[in-house]
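[1] show me how the following folds:
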Amino acid sequence: MAEPIIEARDLGIRFTRHQLRRAKLRELFIHGGRRQPQRQGFWPLRHVSFAVAPGEAVGVIGRNGTGKSTLLRLIAGALIPDEGVIDVRGRVAPLLELSAGFSNDLTGRENLYLVGSLHGLGLPFLRSRFEEIVAFAGEQVRQAIDTPVRHYSSGMKVRLGFAVIAQLPHPILLVDEVMAVGDEEFRAKCYATMERLLAEGRTLVLVSHNEADLTRFCSRGLYFEAGTLRVDGTVREALDAYRRVPVTPTPPAPRR
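    Okay, the predicted model is just below:
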């Protein structure tokens, strides 16, 4: 069997948040009643193990707050685990926060070159693909390409970011809900690009709440619940597990 291109072994990461605790009587005298912050940790992911083979397309499924996006950031190297190991044997094309790295003071053209270079694309390559990238981003972006991106809508930034990142030759694609953004024409471009990249043998890890996208692109599913990997099977098995978990209703707001 081929060596896994992504491998997690007992993976875990701990986040820390501050909470204000109630002041004790003694603290009223010592600190003048000022409450002291108390660090409290939680584990968005813990004891997670799986392996992804080259060319595999895996959907990551679960409700909000179950660690899905955190997992993608661990794979991308944006986060460092506190427990276990995540081995990634190949460069990553992160279709995550697509406007990350943009400078609001620079134009769309300047940001195209900036973001591309941050991901290892050379200036000659970007110049040769400039028209193709801008055409993919759409006519609205083309008309504003020499305008500072502070004047862009969030959708325009996402379209330009996707157009740049889709040029990366890296073997691993990490996608986080990006195909849910934009109009129907842009989504059709995203789908066609994803299918082309997968046909080239890329490896895909896709976070999505869209069942049609998950079943269209993925054959395998990882279902997460409360930061724990509960199901590692077919995408249908993972979706069935997702549906079996009842949604906790939001309690009504108290009357004033």
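[2] burial check on residue 120, number of neighbours?
    A count of nearby residues for residue 120, using other CB atoms under 10 Å, gives 11. (Each C-beta comes from the backbone N, C-alpha and C, glycine too.)
[3] got a list of what it touches?
    Residues in contact with residue 120 (CB atoms under 8 Å, 6 or more residues apart in numbering) are 91, 168.
[4] can you give me the helices in the protein?
    Using DSSP state H, the helices found in the chain span residues 25-30, 68-76, 108-118, 123-137, 139-143, 154-165, 184-199, 211-217, 235-244.
[5] backbone dihedrals for residue 62, both of them.
    phi 160, psi 170 (degrees, to the nearest 10).
[6] what does residue 120 give?
    Dihedral pair for residue 120: phi 90, psi 10, per degrees, to the nearest 10.
[7] one step back: select, out of the helices of the chain, the one closest to residue 225.
    Residue 225 lies closest to helix 235-244 among the helices of the chain, at 7.9 Å (CB to CB).
[8] now do the buried residues in the closest one.
    Under the neighbour-count criterion of 16 or more other CB atoms under 10 Å, helix 235-244 has 235, 238, 239, 241, 242 buried.
[9] flag the shaky bits of the chain, pLDDT-wise.
    1, 17-40, 98-100, 179-182, 245-256 (pLDDT under 70).
[10] could you measure from the nearest residue to residue 204 once chain neighbours are set aside over to residue 220?
    Leaving aside its sequence neighbours, residue 204 sits nearest to residue 57 (CB to CB, 6 or more residues apart in numbering; 4.2 Å). Counting by CB to CB, to the nearest Å, the gap from residue 57 to residue 220 is 7 Å.
[11] quick one, which of those two is more surrounded?
    residue 57 (20 against 17).
[12] quick check: that one touching residue 222?
    No - counting by CB atoms under 8 Å, residue 222 is not a contact partner of residue 57; they are 11.7 Å apart.
[13] next up, the contacts around residue 94.
    72, 76, 78, 165, 174.
[14] correction: residue 79
    Each residue near residue 79 by CB under 8 Å, 6+ apart is listed here: 13, 70, 73.
[15] now with 6 Å?
    residue 73 (CB atoms under 6 Å, 6 or more residues apart in numbering).
[16] next one: the one 5 residues further on
    If a contact means CB under 6 Å, 6+ apart, then residue 84 has 9, 10, 11, 12 as its contacts.
[17] repeat that for residue 125.
    Applying CB under 6 Å, 6+ apart to residue 125 gives no contacts.
[18] same check on residue 113?
    Listed by CB under 6 Å, 6+ apart, the contact set of residue 113 reads residue 126.
[19] next one: residue 101
    115, 118.
[20] 8 Å instead, please
    111, 114, 115, 118 are the contacts of residue 101 under CB under 8 Å, 6+ apart.
[21] once you drop chain neighbours, what's closest to the last one?
    When you say that, I think you mean residue 118. residue 101 (5.6 Å).
[22] how near is that neighbour to residue 190?
    From residue 101 across to residue 190, the span is 19 Å (CB to CB).
[23] how about residue 8?
    27 Å.
[24] just residue 206 next, same as before
    12 Å.
[25] which residue of these two possesses the greater neighbour count?
    Using other CB under 10 Å, the more surrounded residue of residue 206 and residue 190 is residue 206, with 28 against 22.
[26] pretty sure residue 69 sits against residue 205.
    No - contact criterion CB under 8 Å: residue 69 and residue 205 do not qualify, at 11.2 Å.
[27] closest to residue 91 out of the buried residues of helix 235-244?
    Residue 91 lies nearest to residue 235 out of those, by CB to CB, at 25.3 Å.
[28] OK, contacts around the closest one?
    59, 61, 214, 215, 218, 219, 220, 221.
[29] how about it: what's its closest non-neighbour residue?
    Closest to residue 235 by CB to CB, 6+ apart is residue 221, at 3.8 Å.
[30] neighbours of the one you found, how many?
    24.
[31] and for residue 47?
    Neighbours of residue 47 (other CB under 10 Å): 13.
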